[in-house]
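Q: Structure for the following, please:
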Amino acid sequence: MSALGIIGGTGVDQLEGLAIDREHDLDTRFGAPSRPIQEGRVADRQVFFLQRHGSPRAIPPHRINYRANLQALHTLGVRQVVGINAVGGISSEMQPGRLVIPDQLIDYTWGREHTFDDGSAGSLLHIDFTDPYDLGLRLALLDAADRAGIGYEPSGVHGIVQGPRLETAAEVRRMAVDGCDIVGMTGMPEAALARELGIAYASVCMVVNLAAGLGDVPLSLPMMQEILRREAAVVRALLETLLRALPVQPVG
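A: This next block holds a predicted model:
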């Protein structure tokens, strides 16, 4: 089984417990990834970690070079990726502090580089995106959550918006009608680009707030940051349990 790649989002700037062996400062034909990719081991399992927002920088979601990020991980031999996302809750089950392992998505983004297909291959790159998240990796995450005693929602529709602003109450009502359970800004085109490269991709979403218009308390950054801090620790426990289930790979 190939090494696991982890793409950290807001609140997950570092992967605690990662014994870093080296950093890869790569360049790709699409440019440089958000920051050098850390290679190391957690529980004797090889891991590649990338912060998509480029900590300590803060690249906004619509300016992230998703193609460079995925291409760099692929170049390093990564064939399975877990993306960590901070999201707002839309449906009643998606309360702040809840983890969600989504099984579907709706893409509302625009103007991003959504494909590696530039027409130079002479044939169209039509990927099957019926199920946008890899089933095997999703099931492994669900099993890891069960074994770690972590509460979670086993499915959900992830609505991905352009950002960096938060949504209006009317937009959230429209998304609810569309069937969205959670809303975030960084899940696409990341998932589709991974599929184009043959990378198994799944997402772990941290609900850090109720979406606009659904709560009695106005949205505030300090409130989100406190929940992010708590949930990031839960996500790290989930990932460590997932990694311990993977085969041990020899060093070197």
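
Q: List the contacts of residue 244.
A: Contacts for residue 244 (CB atoms under 8 Å, 6 or more residues apart in numbering) come out as 43, 45. In short, each C-beta sits where N, CA and C put it, glycine included.

Q: 6 Å - rerun?
A: residue 43 (CB atoms under 6 Å, 6 or more residues apart in numbering).

Q: per-residue pLDDT, it?
A: On the pLDDT scale, residue 244 is placed at 87.

Q: cool, the one 3 residues further on as well?
A: In this model, residue 247 is scored at 65, pLDDT.

Q: Residue 219 now?
A: pLDDT for residue 219: 65.

Q: The one 10 residues further on now?
A: Confidence per residue is given as pLDDT, and for residue 229 that number is 85.

Q: Please give me every residue in contact with the residue nearest to it when sequence neighbours are not counted.
A: Of all residues not flanking residue 229 in the chain, residue 11 sits nearest, at 6.8 Å (CB to CB, 6 or more residues apart in numbering). Taking CB under 6 Å, 6+ apart, we find residue 11 in contact with 86, 228, 232.

Q: Near the last one, how many other residues are there?
A: When counting by other CB atoms under 10 Å, one arrives at 21 neighbours for residue 232.

Q: still on that earlier bit, what about the residue nearest to residue 229, which SS state?
A: Secondary structure, DSSP: H, G, I helix; E, B strand; the rest coil: residue 11 is coil.

Q: What of residue 48?
A: Of the three states, residue 48 takes strand according to three-state DSSP.

Q: Hmm, residue 80 and it touching each other?
A: No: Residue 48 sits out of contact with residue 80 when judged by CB atoms under 6 Å, with a separation of 10.3 Å.

Q: Need the overlap of contacts for these two.
A: Common contacts of residue 48 and residue 80 (CB under 6 Å, 6+ apart): none found.

Q: So what sits opposite the most centrally placed residue in the chain in the bridge?
A: The residue lying closest to the centre of the chain (CA atoms, centre = their mean) is residue 83, at 2.3 Å. In this entry, residue 83 is beta-bridged to residue 7, residue 203, by DSSP bridges.

Q: ok, which stretches of this structure are strands?
A: Counting by DSSP state E, the segments of the chain that form strands are 4-8, 19-24, 37-42, 45-51, 80-89, 99-100, 104-107, 157-160, 182-184, 200-210.

Q: tell me how far the ends of stretch 157-175 are from each other?
A: The first and final residues of stretch 157-175 sit 10 Å from each other (CA to CA, to the nearest Å).
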